[in-house]
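# Return a 3D structure for these sequence lines:
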Amino acid sequence: MALKLGVIGTGAIGQDHIRRCSQTLLGSQVVALTDINLEQAAKVARDLNLTAEVYADGHTLIQSPEVEAVLVTSWGPSHEAFVLAAIAAGKPVFCEKPLAVTAEGCRRIVEAEIAHGKRLVQVGFMRPYDEGYRALKAVIDSGQIGEPLMLHCAHRNPTVGENYKTDMAITDTLIHEIDVLRWLLNDDYVSVQVVFPRKSGKAFAHLKDPQIVLLETAKGTRIDVEVFVNCQYGYDIQCEVVGETGIARLPEPSQVQLRSGAKLSTSILMDWKDRFIAAYDVELQAFIDGVQAGQVGGPSAWDGYAAAVTADACIEAQSSGAIVPVSLPERPAFYA
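Residues are numbered from 1 along each chain as shown. Next up, the predicted model:
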């Protein structure tokens with residue numbers, strides 16, 4: 001039987017997920033939609049030829065007996081209330097980042113899920129489902145390069161819009177590294193510092209770009225992440241792990257090598273969707289399969305909370321320039 005999904009939010013990412021779940025992935029059916037713009041939700045249903053009911057709001061959709069699991073892809077500040085409502089209804093919920101817009105909000109979701117007694121929440125961090133990151137983690141976990149001592153990472157975008165502010169380098173960009181590097185190392189952060197190199201002339205006047213974020217983990221691994229969102233040349237994700245006996249690097253996306261015009265070249269992707277499109281499919285298929293098997297997996301509400309606490313420390317470090325502690329409580333046994 002197909003898992004009956006209700007989707008809250010039919011913007012760009014919502015539409016992508018609706019298309020995936022109704023046309024690409026196995027074992028799911030989108031039966032309910034809602035959006036702050038109900039006409040938009042109805043149009044999406046028509047465009048994708050869905051026999052889905054459009055509900056007046058997210059809370060009504062969650063309560064519908066037709067809906068077995070919920071996808072939250074609405075405006076970020078609305079996420080917390082919808083996730084809490086899904087937990088209260090005992091329904092599995094996939095929530096795109098952010099889980100909540102504050103660490104306190106994430107903590108409330110963690111507490112509600114623990115009180116429920118069973119994992120229901122999967123957070124939409126897709127990088128742990130990327131084939132390259134999985135291969136890199138397999139090398140680290142195998143012990144082939146010894147214990148990881150240092151990580152050198154980069155997150156580069158060709159350009160960003162004028163509404164992109166300095167703190168968004170943390171909340172919108174670095175947040176992916178914050179999550180995936182914890183997963184990669186199976187370790188937590190204890191401190192962070194942010195330093196600003198010479199400012200790029202390609203950045204808007206109000207934006208400090210690039211930035212370098214320096215993280216330290218509980219086991220003593222040191223991480224530097226370059227965030228450069230006006231690099232011009234492409235969308236480029238780098239991760240090099242320096243171990244005791246070797247170095248492992250995140251593989252480049254598969255691209256055709258071209259010999260032409262006296263040049264040997266390989267194209268660089270320009271868009272994050274192209275870079276991680278396959279990971280989105282794997283991520284949502286894992287949610288569907290997990291729900292049907294009776295056990296939601298993947299990035300948890302605790303991972304969402306840990307990312308939010310770390311991001312808050314990073315934003316404080318942006319302002320102060322100091323080394324800021326990351327004050328994360330001990331992980332509850334529920335999430336072990």
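# For stretch 288-297, buried residues please.
288-292, 296 (16 or more other C-beta atoms under 10 Å). (Glycine included, C-beta is placed from N, CA and C.)
# quick one, strands of the stretch 51-200 of the chain?
53-54, 69-72, 93-96, 121-124, 148-156, 189-195 (DSSP state E, counting those that start in this stretch).
# Mean pLDDT for those strands - can I get that in JSON lines?
Output for these, formatted as JSON lines (pLDDT from 0 to 100):
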{"stretch": "strand 53-54", "mean pLDDT": "97"}
{"stretch": "strand 69-72", "mean pLDDT": "98"}
{"stretch": "strand 93-96", "mean pLDDT": "98"}
{"stretch": "strand 121-124", "mean pLDDT": "98"}
{"stretch": "strand 148-156", "mean pLDDT": "98"}
{"stretch": "strand 189-195", "mean pLDDT": "98"}
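# Would you convert those into TSV that also reports distance to residue 261 and mean neighbour count?
Conversion of the strands of the stretch 51-200 of the chain to TSV gives the following (distance: least, C-beta to C-beta, whole Å; neighbours: other C-beta atoms under 10 Å):
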stretch	distance to residue 261	mean neighbour count
strand 53-54	53	18
strand 69-72	46	26
strand 93-96	42	26
strand 121-124	42	26
strand 148-156	26	19
strand 189-195	40	20
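# just to revisit the earlier point, out of the buried residues of stretch 288-297, which are inside helices?
288-292 (DSSP state H).
# Put together TSV for these, with pLDDT and distance to residue 99 on each row.
Converted to TSV, these look like this (pLDDT from 0 to 100; distance: C-beta to C-beta, whole Å):
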residue	pLDDT	distance to residue 99
288	98	19
289	98	21
290	98	17
291	98	18
292	97	23
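# quick one, phi psi at the residue nearest to residue 210 when sequence neighbours are not counted?
Of all residues not flanking residue 210 in the chain, residue 228 sits nearest, at 3.7 Å (C-beta to C-beta, 6 or more residues apart in numbering). In this entry, residue 228 is assigned phi and psi values of phi -140, psi 100 (degrees, to the nearest 10).
# Beta-bridge partners for residue 228, please?
residue 156 (DSSP bridges).
# That one reaches residue 200, doesn't it?
Yes. Using C-beta atoms under 8 Å, residue 228 makes contact with residue 200 at a distance of 7.4 Å.
# any common contacting residues for those two?
209-210 (C-beta atoms under 8 Å, 6 or more residues apart in numbering).
# Looking at these two, which is more packed in?
Set residue 228 next to residue 200 and count neighbours by other C-beta atoms under 10 Å: residue 228 wins out with 21 against 15.
# Enumerate every residue touching that one.
Per C-beta under 8 Å, 6+ apart, neighbours of residue 228: 154-157, 200, 209-211.
# cool, residue 19 as well?
Taking C-beta under 8 Å, 6+ apart, one finds residue 48 in contact with residue 19.
# Quick check: phi and psi on the spatially most distant residue from the centre of the chain?
Distance to the chain centre peaks in the chain at residue 262, reaching 40.4 Å (criterion: C-alpha atoms, centre = their mean). Here is the backbone geometry of residue 262 (degrees, to the nearest 10): phi 60, psi 30.
# swap in the one 4 residues further on?
Summarising the backbone geometry of residue 266 under the convention degrees, to the nearest 10, its torsions are phi -130, psi 130.
# now it: how far from residue 257?
As judged by C-beta to C-beta, to the nearest Å, residue 266 and residue 257 stand 5 Å apart.
# With neighbour numbers in mind, choose between these two.
The residue with more neighbours, out of residue 266 and residue 257, is residue 266; 11 against 8, by other C-beta under 10 Å.
# For burial, what's the neighbour tally of the closest residue to residue 278 other than its chain neighbours?
Closest residue in space to residue 278, ignoring its immediate chain neighbours: residue 131 at 6.8 Å, by C-beta to C-beta, 6+ apart. Counted with other C-beta under 10 Å, residues neighbouring residue 131 total 13.
# for residue 137, same thing?
18.
# same deal with residue 277?
Neighbours around residue 277, by other C-beta under 10 Å: 13.
# Please apply the same query to the one 4 residues further on.
Around residue 281 there are 15 other residues, counting by other C-beta under 10 Å.
# show me where the chain has helices.
According to DSSP H, the helices that the chain contains are 12-19, 38-47, 58-63, 79-88, 103-116, 131-142, 168, 175-185, 272-293, 301-320.
# Report the inter-axis angle for the second one versus helix 12-19.
Angle, helix 38-47 to helix 12-19, by axes from the mean of the first three to the mean of the last three C-alpha atoms, to 10 degrees: 30 degrees.
# any idea of the mean pLDDT in helix 38-47?
Throughout helix 38-47, pLDDT has a mean value of 96.
# State the distance from the residue most central in space within the chain to residue 99.
The centroid of the chain falls nearest to residue 125 when counting by C-alpha atoms, centre = their mean (2.5 Å). In this view, residue 125 and residue 99 are 10 Å apart by C-beta to C-beta.
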